[in-house]
Structure formats: structure tokens, C-alpha cells
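> Pasting a predicted model and its sequence here:
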Amino acid sequence: EPEVTQTPSHQVTQMGQEVILRCVPISNHLYFYWYRQILGQKVEFLVSFYNNEISEKSEIFDDQFSVERPDGSNFTLKIRSTKLEDSAMYFCASSRNTGLAGGVEQYFGPGTRLTVT
Amino acid sequence: DAKTTQPNSMESNEEEPVHLPCNHSTISGTDYIHWYRQLPSQGPEYVIHGLTSNVNNRMASLAIAEDRKSSTLILHRATLRDAAVYYCILDIIQGAQKLVFGQGTRLTINP
């Protein structure tokens, strides 16, 4: 069964450093998402991406964050200058299509644990 | 965002059915009802979704009230592997289908 993969599984970085989290969505999916979950808290939406542009982003997704689909398979989340509060699990997800018809499931990856020290 | 209300936690025994309730009294006519779950140390996993009619799949059943203000996720025979946090989410059709997670219901399965 196809699945979303993410690398690395755990990333440790120092405050102020740039990090890139990588995701390989399911191959025939067209919509891509990033979510994050701070330890013990809710899963929070960050950004959605379709047709090489951002469809929607949350308040969390400020100028320090960017997303890119550099080739036909990868989808990346970059944090330019990490802060301590960026420490969280970051989940990538993908879906076949989106809510114009409603009721489309998203498939999540296993996550990357980002620790900022 | 339309809100859902779920109990914080529930407990059941292995091989027994589990009924997980969700209230969504402000649901609008085009909102789909989705259920996801998150096993310990894993990403969320799609379980089931529906609009008006009850739905069944290999994982679970979804019973939707006639007025759509509430729904129930039914696990017919719980296993230890079903211990997870279950999220009831409204899929609001307004573009890119972001999922808005609440705190969910933490389901404990006793052997």
C-alpha cells in the first residue's frame, strides 16, 4: 500500500539554524500539507500546497517558513532560523484532490521530530 | 471553523464494541464528518468519513444522526491496537481542506 514517507525521523538543531524537512507524498496525489504537533498538544495545520503554490496557510506559518516541491516527488518544509518553540513533530500529508467535492481523506507520514536546542 | 465536541477519554475491553460519540451542532449542510486516529508516536491515520448516510469500511462504521448534529464512530470488535486518540473533524469545503484537529478522545483498551 502506498504511503507518505518523511526524512529524517529526528532532527536536532541549534537555535537560529536553518532546517529542511523532507517528505515524499503518495505518487498520484496532487495536494500536499504540513502539520505540526508540539509535545502533548493538538495537531495544528501549517500549510497546504497545490499546483506549485500555497493554497492556504495558518498564522503559525510566518516568514520563517517556506515550502517547495523541488522535483516531481519531494515536498519540503524549510524553517529559516529556528526558535526553541519550533520544537515539535512535523507531519506531512497528501491527498488525491480536495474539498471542492468534499470528503477526501488525507494520508499522513510518520513525522519528523524536530528538537531545537 | 465549525466545532466538534468529544469526551476526553473512554475505556473499553478487548473484543467488545466501542461507540465513540461526537457532537457537531453547528455543522452546515455541506460539511463532511471525518474521523482520524493517532496511535502512540505515529502520524494521524484516516478512519472513515460520511456526509448524511451511515458508512462502513474495513476499519469502522460511522453512524450519523438524522439532523447531522452528532455522529458516532463504531469499532465493532476492539483490539489492543485500537488504543489511540480519535479525532472527529468537520471537512469544511472552502478550498484546500485543512483539517482542524481538536483534543480528541483517548481510547484505552483493556485486555
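Perfect, thanks for sending it. Please read these numbers as outputs of a predicted model, since none were measured by experiment.
> what residues does chain B put near chain A?
Taking Cβ under 8 Å from any Cβ of the partner chain as the criterion, chain B approaches chain A at residues B:30-32, B:34, B:38, B:42-46, B:49-51, B:87, B:91-103. Where you see a C-beta, it was placed from the backbone N, CA and C, and this is true even at glycine.
> Pull out the buried residues from the residues you listed.
Buried subset of these (neighbour count, 16 or more other Cβ atoms under 10 Å in any protein chain shown): B:31-32, B:34, B:38, B:43-46, B:49-50, B:87, B:91-92, B:96-102.
> Low-confidence stretches in chain A?
A:97-103 (pLDDT under 70).
> Pull up the gap between A:His29 and A:Glu68, please.
16 Å (Cβ to Cβ, to the nearest Å).
> quick one, which of these two is more surrounded?
A:His29 (18 against 13; other Cβ atoms under 10 Å in any protein chain shown).
> Isn't the more buried one up against A:Gly109?
No: using Cβ atoms under 8 Å, A:His29 is not in contact with A:Gly109; the gap is 11.9 Å.
> Closest to the centroid, which residue in chain A?
By Cα atoms, centre = their mean, chain A has its centre lying nearest to A:Trp34, at 2.7 Å.
> got the residues of chain A near chain B?
A:4, A:31, A:33, A:35, A:42-45, A:48, A:50, A:55-56, A:58, A:91, A:93, A:95, A:98-111.
> How is B:Arg81 assigned, secondary-structure-wise?
Under the three-state scheme (DSSP: H, G, I helix; E, B strand; the rest coil), B:Arg81 adopts helix.
> contacting residues for the closest residue to it other than its chain neighbours?
Spatial nearest neighbour of B:Arg81, excluding adjacent residues (Cβ to Cβ, 6 or more residues apart in numbering or on different chains): B:Leu39 at 7.6 Å. B:Leu39 makes contact with B:45, B:81, B:83-84 under the criterion Cβ atoms under 8 Å, 6 or more residues apart in numbering or on different chains.
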